[in-house]
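K.L.:
Next one to model:
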Amino acid sequence: MKNYLYNVSSPKPANEAARLANLREYAILDSLPEDEFDDLTAIAAEICGAPVSLISLVDEHRQWFKSSQGMPPNTPQTSRDLAFCAYNIMEPRETMIVPDARLDPRFTDNELVYNELNVIFYAGVPLVSREGYALGSLCVIDHVPRELSDSQLRALERLGRQVIKLFELRRALAEAEQNARERQHAYRILRDFSHVIAHDLKAPLRNIRQAGEMLEEDYLSLLPQDGAELLRMIQERAVDASQMIDGVLRYSQVTRSLQDAHESVDIQQCIERAVRQLDPVGDFHVEYVGKVDRLYTSSIALLQSFQNLIGNAVKFNDKEQGRVTIDCVHEPGVQYVFSVEDNGPGIQQESQQAIFRLFHSAGTGKTGSHGVGLSIVKHLVEAIGGSIRVESTVGEGAKFTFVIPEHR
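P.N.:
Numbers count the residues shown, from 1 in each chain. Down below sits the predicted model:
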């Protein structure tokens, strides 16, 4: 009877700690079976004419099978010290072939050779991550001594590459889900914060409006023309600000999307309101040339988009006569395409994508920064299902085009 050397330890790569850390980044150990992996082990067994095929991951003290064909029931893993794949990961660039384990010094005393698994022939392709670490193997096993043909070996190596692609796809999806959870958490915090701030601002604005009404009622006839004009402007600004805060409060209560706040919006009035709030000084003109009068969308998102885009044009204007031209084209049943074009300093090519990031400095114009306005516009437009892009020639101006889906 054969005596097994159970205390023989399998070798470990020099980068073992980093390899194990990389393996855990995939979050695949002890995951549930998946058809995509089972399909690959079935194909590997069929191509190689082998009764057993495995996708094996080498953990710290075990080898765990993500997928297996032909293994005894309830065999999800084995000790790492018994694992042929523990030797396979030592050479990440080479497929390991063991024609007859009984004649290989590494495995002559291995329990797996003589127990019910009866591992006599082994061929394993290392599963190498994009960081260069061998995480495990795609391997086939037979109970008799044998070899693989060149075509079988090439097919097994191709299947190994497909396993790694599935690993990478799985990790990418997990990372995307984690990022989505983090964004949702950040959005909830921002939503709650905006609710508190907007709520706290309503009381002083209400006081300003009431004071303006009292001044108008009791002292309007005593004011000179320019004083009356200033009083009117204060009242208008207070009304606009109050309406904006009401909009922020509505948005802070929307948990999934901005669709709940949609309404019929008069485009010309929306632009005029944005310009009135900005109150550009000097020779600066904003013109709407579009043929579309109204659309059904988020009024606060559209207003904020206009206000930020026009505000940037005013802020960075370097011409004696500043100009913003706004157009809107309706593609029936599909979308509305808005363009906001200015004659300012323009944006350098290398900055045209980065300007939509929060706090990005574009290095153009008077202050060299676009602040947070463009990131807000991007967020608002995307939140209602649209997109935004920019075209620009330095010295001639910039044209922002944003698309809003048609909603009925």
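
K.L.:
And the helices in the protein, which stretches?
P.N.:
Using DSSP state H, the helices found in the chain span residues 16-25, 35-48, 85-88, 111-114, 150-219, 225-252, 267-278, 299-316, 373-383.

K.L.:
Of those helices, give the one that comes closest to residue 332.
P.N.:
Closest of the helices of the chain to residue 332 is helix 267-278, at 16.4 Å (criterion: Cβ to Cβ). For every residue, glycine as well, the C-beta is placed using N, CA and C.

K.L.:
roughly how far apart are residue 357 and residue 274?
P.N.:
23 Å (Cβ to Cβ, to the nearest Å).

K.L.:
typo on my end, residue 296
P.N.:
19 Å.

K.L.:
looking at the helices of the chain, which is closest to residue 122?
P.N.:
Using Cβ to Cβ, the helices of the chain put helix 85-88 closest to residue 122, at 8.4 Å.

K.L.:
Helix 299-316 and the lowest-mean-pLDDT helix or strand in the chain, what's the angle between them?
P.N.:
None of the helices or strands of the chain scores lower by mean pLDDT, DSSP states H and E than helix 225-252, at a mean of 76. Angle, helix 225-252 to helix 299-316, by axes from the mean of the first three to the mean of the last three Cα atoms, to 10 degrees: 130 degrees.

K.L.:
how about the helices of the chain, which one is nearest residue 400?
P.N.:
Among those, the nearest to residue 400 by Cβ to Cβ is helix 299-316 (5.5 Å).

K.L.:
so for that closest one, what's the average pLDDT?
P.N.:
Averaging pLDDT along helix 299-316 gives 89.

K.L.:
packing partners for that helix?
P.N.:
helix 225-252, strand 262-266, helix 267-278, strand 322-331, strand 335-342, helix 373-383, strand 397-405 (3 or more Cβ pairs under 8 Å, 6 or more residues apart in numbering; DSSP states H and E).

K.L.:
for the closest residue to residue 378 other than its chain neighbours, what are its contacts?
P.N.:
Ranked by Cβ to Cβ, 6 or more residues apart in numbering and with sequence neighbours excluded, the top spatial neighbour of residue 378 is residue 356, at 4.5 Å. Counting by Cβ atoms under 8 Å, 6 or more residues apart in numbering, residue 356 touches 374-375, 377-378, 388.

K.L.:
Switch those over to TSV; also include neighbour count, distance to residue 133 and pLDDT.
P.N.:
Output for these, formatted as TSV (neighbours: other Cβ atoms under 10 Å; distance: Cβ to Cβ, whole Å; pLDDT from 0 to 100):
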residue	neighbour count	distance to residue 133	pLDDT
374	24	40	79
375	17	37	77
377	23	42	84
378	21	37	86
388	21	40	93
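
K.L.:
Now flag whichever of the residues you listed is closest to residue 74.
P.N.:
residue 378 (52.6 Å).

K.L.:
The closest one and residue 389 touch, don't they?
P.N.:
No: with contacts counted by Cβ atoms under 8 Å, residue 378 stays clear of residue 389, the gap being 9.9 Å.

K.L.:
Quick check: buried residues in stretch 330-343?
P.N.:
335-343 (16 or more other Cβ atoms under 10 Å).

K.L.:
Please apply the same query to stretch 57-74.
P.N.:
Buried residues in stretch 57-74 (16+ other Cβ under 10 Å): 57-59, 62-71.
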